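A.B. asks: 3D model of this:
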Amino acid sequence: MAELFSAGWMNRFHEEWNKEKELSDALAEIDFNSTIAYGFEGDDKPVGVIVVQKGKVVKSGAYSGEPVNWDLRASKANWEKWIAKGIGMMGLGMAYTSRKLKFNVGDYGAMIKDPRMAGPFIKSFSVMGRV
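C.D. replies: So this is what the prediction gives:
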């Protein structure tokens with residue numbers, strides 16, 4: 001398996017994201033467009049990135065300095081736990097309030113208050129588990 005958030009890993013995530021209707025189709029319904037970066041707490045920059053247009057990932061790979069709408073950070077151990085077990089709404093809230101999941105860029109509050117975004121965000125963790 002490719003290293004977490006490496007270019008190869010992100011490309012597999014891209015494929016799985018687009019296959020998951022509860023994620024890509026749900027976001028397409030709200031015309032969701034975003035550049036989302038993933039990485040590890042304490043690092044200067046994220047590791048991987050996806051570009052989402054109308055709910056579908058259209059580009060993925062290693063982060064190369066592009067501006068992002070979301071920059072999600074956590075320890076490698078926490079990412080691995082959430083990827084293996086998934087994360088529910090309560091777990092997400094706990095991860096955020098305990099600072100285990102950090103939004104270096106992006107508005108967690110606005111996202112979590114909008115079920116059209118919150119549901120797909122939580123679904124993205126189970127999709128990561130397929131990579």
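
A.B. asks: only C-alpha atoms from now on, for both contacts and neighbour counts.
C.D. replies: Fine.

A.B. asks: which helix or strand contains residue 49?
C.D. replies: Residue 49 belongs to strand 48-53 when elements are defined using DSSP states H and E.

A.B. asks: please disregard the earlier target; I meant residue 118.
C.D. replies: Applying DSSP H and E, one finds residue 118 within helix 115-128.

A.B. asks: which elements pack onto that helix?
C.D. replies: helix 7-19, helix 21-29, helix 76-85, helix 108-113 (3 or more Cα pairs under 8 Å, 6 or more residues apart in numbering; DSSP states H and E).

A.B. asks: mind putting the ones you listed into TSV with mean neighbour count, distance to residue 102 and mean pLDDT?
C.D. replies: Putting the helices and strands packed on helix 115-128 into TSV (neighbours: other Cα atoms under 10 Å; distance: least, Cα to Cα, whole Å; pLDDT from 0 to 100) gives the following:
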stretch	mean neighbour count	distance to residue 102	mean pLDDT
helix 7-19	20	19	97
helix 21-29	18	21	95
helix 76-85	15	11	94
helix 108-113	13	9	83
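
A.B. asks: switch those helices over to TSV; also include distance to residue 50.
C.D. replies: Shown next, in TSV, are the helices and strands packed on helix 115-128 (distance: least, Cα to Cα, whole Å):
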stretch	distance to residue 50
helix 7-19	7
helix 21-29	13
helix 76-85	17
helix 108-113	18
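
A.B. asks: what stretches of the protein score poorly on pLDDT?
C.D. replies: 1-2 (pLDDT under 70).

A.B. asks: how about the nearest residue to residue 59, chain neighbours excluded?
C.D. replies: With Cα to Cα, 6 or more residues apart in numbering as the criterion, residue 59 has its nearest non-adjacent residue at 5.1 Å, and that residue is residue 51.
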